[in-house]
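>>> okay, here's the prediction I keep looking at, along with the sequence it came from:
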Amino acid sequence: MLIGVISDTHDDLEAVKRAAKVFAEKRVSLVLHLGDIVAPFTLRALHDNGVKRLVAVYGNNCGERLGLREVAGKLGYEIHEWPHLIELGGKRFLMIHGIGPVEKTKMLVDSLAKSGDYDAVLYGHTHVIDNRVVGSTLVLNPGEACGCLNGKRTAAIINTETMKAEIIEI
């Protein structure tokens, strides 16, 4: 199974369209959004551009939570507070956004990965790509879809059989 992973879209509709196109081309079964969607129209744009299955967690910039939850429900999407655990292909994926400065988020992520309780710990918030293995746990931050901090729009695709992630430019 291939899973699309995206974070920090920050209402960048061009990035959303590009990501949806890549996910369709790669034939991902599901998209996981790791937060900072921001506004409900971004969920609609994902859906309108071909993302039919999506599970998301809120980010610190998702101020319109009621609207996001309502639109997600109408589209057949799920949106949750983090941490959110999802099992896919017999693997346990922990979805979080992140909190505070980069160092604080990375400390949290590393602790979760070192626990060995998850096959993957997926996070956003830092806008920095992180694709590594801690023990037997995949740690993945797909970077920022919006390209607003580092100028590079990225997402990722995970193969649940190999538990390897590929970072893709969008």
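That came through fine.
>>> so I3, which of the three states?
strand (DSSP: H, G, I helix; E, B strand; the rest coil).
>>> quick check: it touching T162?
No - in this structure, I3 is not within contact of T162 by Cβ atoms under 8 Å, at 11.9 Å. Every residue, glycine included, has its C-beta placed from N, CA and C.
>>> which one's more surrounded, these two?
I3 (25 against 8; other Cβ atoms under 10 Å).
>>> just the strands in the protein please.
Remark: strands assigned in the chain by DSSP state E are 2-6, 30-33, 54-57, 78-80, 84-88, 91-95, 120-122, 129-134, 137-142, 154-159, 164-169.
>>> which secondary structure elements does the second one contact?
Counting contacts by 3 or more Cβ pairs under 8 Å, 6 or more residues apart in numbering; DSSP states H and E, the secondary-structure elements packed against strand 30-33 are strand 2-6, strand 54-57.
>>> and of the strands of the chain, who's closest to K106?
With Cβ to Cβ as the criterion, K106 lies closest to strand 129-134 of these, at 7.7 Å.
>>> chain center to the closest one, what's the gap?
14 Å (Cα atoms, centre = their mean, to the nearest Å).
>>> what does stretch 66-81 give?
On Cα atoms, centre = their mean, the centre of stretch 66-81 falls 15 Å from the chain's centre.
>>> could you do stretch 89-97 as well?
That offset, for stretch 89-97, works out to 11 Å (Cα atoms, centre = their mean).
>>> which of the residues in that stretch are buried?
For stretch 89-97, the neighbour count (16 or more other Cβ atoms under 10 Å) marks K91, F93, L94, M95, I96, H97 as buried.
>>> picking up where we left off before, could you dump the helices and strands packed on strand 30-33 to a markdown table with distance to M107 and mean pLDDT?
Listed next are those as a markdown table, based on distance: least, Cβ to Cβ, whole Å; pLDDT from 0 to 100:
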| stretch | distance to M107 | mean pLDDT |
| --- | --- | --- |
| strand 2-6 | 21 | 98 |
| strand 54-57 | 19 | 98 |
